[in-house]
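Undergrad: Could you look at this predicted model? Sequence included:
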Amino acid sequence: MDQTPAVSARQSAAAELTMTAASLSGVAFSKGHGTGNDFVLIADPGAVHDMTPEQVAALCDRHRGIGGDGLIRAVPSRDLPEGRALLEQDASAEWFMDYRNGDGSLSEMCGNGVRVFVHFLIDQGLVDLGPGEALTIGTRGGIKKIARSDNGYAVDMGPWEFIFPTEATSKAMDALVSADGLEVARPGLSVSMGNPHTVVALAELSELAATQLFKAPVVDPKPANGTNVEFVVPAEPLVHDGFGTITMRVHERGVGETQSCGTGACAAAVAIRHWAGNTAPNAWHVNVPGGVVDVKFFPGGDGREHVELSGPAVIVASGTLA
Ligand SMILES: N[C@@H](CCC[C@H](N)C(=O)O)C(=O)O
C-alpha cells in the first residue's frame, strides 16, 4: 500500500538524519549539562570536525541522535578566524567554545555552556584549573574568564546592554510579548548578554506554570536576530539574606523550552533589578526548572558593570559515534 505523504516525508527526514550523523562515525563525544541545559560535547584539537547545521541537528536530535539543547565543539582558538581575533586581545584564550543551538544555528553565547565546556576541557585533560586560578576561553561573545566556585564554576560574562536603549526602556518596557496560555500580551524588556533576550515579568507562579512554551512567544519589536524569551516571577518579598530571588522559564531561540538558560538568568536579573529600582540587590538566585544558578553584578576592569554567572556543570557520559 502507498504511504501517506506525511509518513514518507517523516521517513526520509529520519533517513537523512541517520546518514548525516553517520558521516561523523568514530568521533568521540561526551554528554553534559548545567542545571539541565544539556549539550553534546566534542573535543576537536585538530580542528577537523567543523559541522554543518544538519550534522549538529542530527546529533542533538533526542530520538535519533545523542540528544541535547546544543552542541559544543572545543577547538583551538588559533584554528578559527574569530578565535585568532581574540588571541590578539588575550593570548591565553587558547581554547574556543564553538557553540551551536540544537537546530544547528549559531549563537554568540551560552552561559551554562561555558561552565560545561570548561568542565569538559578539564575532564579531557586539556586544561587544569586549580582552586583560586582563572581560565580564559574564547567564545563568539568575546573572551570569558572562569574560576571554580562553591556551586561549581563562576564565569565573568562581561557587560550587559539594553537592546533598545530608548526612553521607553527607562520606563521599563520596550516590547509586547504574547504566548499561548497568557490571556493578554505582556510588557517585555530586551537585554543583550552577547546574545539577545526579552524578559517578561509575571505576577504569580500559577501564571508561569500556565504559560505554554511549545511555540516561540511573539515579541514585538523583536531584536534583529531573534530572541530568547524569559518569563519570570520575582519572589515575594523580593530580597532575603541580601539575595533577590527569581523563578524563570525560558523559550530559547534555536531550541524551544529548555530546563535552564544561563544568559537568560543574567538577563532576567538585569530586568528585574531595573524594574525594582535603586534598592534592588546586586546578587540573585535564579530558580529554573533544572535547578538554581546565581547571578552577581560587579564593576568590571573596563569601567562597565559586568555580570557573573555561577552554577554546576556535570559530564554524564562519554562514547564514540557509531
Ligand atoms: N542555554 C544557553 C543559551 C544558548 C543560546 C541561545 N539559545 C541563543 O540562541 O542565543 C545559556 O545557558 O545561556
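TA: Sure thing, it's come through.

Undergrad: in which helix or strand would I find A58?
TA: helix 53-60 (DSSP states H and E).

Undergrad: do you know how far the nearest residue to G181 once chain neighbours are set aside is from the ligand?
TA: Spatially, and ignoring its direct neighbours in sequence, G181 is nearest to Q212 (4.2 Å; Cβ to Cβ, 6 or more residues apart in numbering). Just so you know, the C-beta spots here come from the backbone N, C-alpha and C atoms, and that holds for glycine as well. For Q212, the distance to the ligand (Cβ to the nearest ligand atom, to the nearest Å) stands at 19 Å.

Undergrad: which residues touch Q212?
TA: 179-181 (Cβ atoms under 8 Å, 6 or more residues apart in numbering).

Undergrad: Around the ligand, pick out the residues from this protein.
TA: Taking Cβ under 6 Å from any ligand atom as the measure of proximity, the chain contacts the ligand at 37, 70, 101, 107, 110-113, 195, 228, 252-255, 258, 261-263.

Undergrad: ok so, going back, what's the helix holding A58 in contact with?
TA: Helix 53-60 is contacted by residues 16-18, 20-21, 23-24, 29, 40, 51, 64-71, 100-105, 321 when judged by Cβ under 8 Å, 6+ apart.

Undergrad: check contacts around D174.
TA: Counting by Cβ under 8 Å, 6+ apart, D174 touches 162-164, 166, 168, 188-190, 221.

Undergrad: Does the closest residue to C110 other than its chain neighbours belong to a helix, a strand or coil?
TA: Nearest non-adjacent residue to C110, counting by Cβ to Cβ, 6+ apart: Y99, 4.7 Å away. For Y99, the assignment made with DSSP: H, G, I helix; E, B strand; the rest coil gives strand.

Undergrad: I'd like to know how many residues surround Y99.
TA: 22 (other Cβ atoms under 10 Å).

Undergrad: Pretty sure it sits against R140.
TA: Yes: contact criterion Cβ atoms under 8 Å: Y99 and R140 qualify, at 7.1 Å.

Undergrad: where do the contact lists of those two overlap?
TA: Common neighbours of Y99 and R140 (Cβ under 8 Å, 6+ apart) are 106-107, 109.

Undergrad: quick one: which of these is nearest the ligand?
TA: Nearest to the ligand among these: S107, at 3.5 Å, using Cβ to the nearest ligand atom.

Undergrad: Can you give me the distance of the residue at minimal distance from the centre of the chain to L202?
TA: The geometric centre of the chain, computed from its C-alpha atoms, lies nearest to C110 (Cα atoms, centre = their mean), at 3.4 Å. Distance, C110 to L202, using Cβ to Cβ, to the nearest Å: 25 Å.

Undergrad: picking that back up, helix, strand or coil: sort out the residue nearest to G181 for me.
TA: coil.

Undergrad: mind checking the backbone torsions on it?
TA: The phi/psi pair for Q212 (degrees, to the nearest 10) reads phi -90, psi 120.

Undergrad: For the strand ranked longest in the chain, the averaged confidence score.
TA: In the chain, with assignment by DSSP state E, the single longest strand is strand 228-240. Average pLDDT, strand 228-240: 95.

Undergrad: Helices of the stretch 151-300 of the chain, residue ranges please.
TA: Remark: helices assigned in the stretch 151-300 of the chain by DSSP state H, counting those that start in this stretch are 167-170, 205-210, 262-276.

Undergrad: returning to what we had before: render the CA-only coordinates of whichever helix or strand comes after the helix holding A58 in CSV, please.
TA: Proceeding N to C from helix 53-60, the next assigned helix or strand is strand 70-76, under DSSP H and E. Extracted in CSV, the C-alpha atoms of strand 70-76 (Å, rounded to 0.1, in the frame of the first residue of the first chain):
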residue,chain,number,x,y,z
GLY,A,70,23.0,22.4,21.8
LEU,A,71,26.4,21.2,20.6
ILE,A,72,29.8,22.5,21.9
ARG,A,73,33.0,21.8,19.9
ALA,A,74,36.3,22.5,21.8
VAL,A,75,38.7,23.8,19.2
PRO,A,76,42.0,25.7,19.4
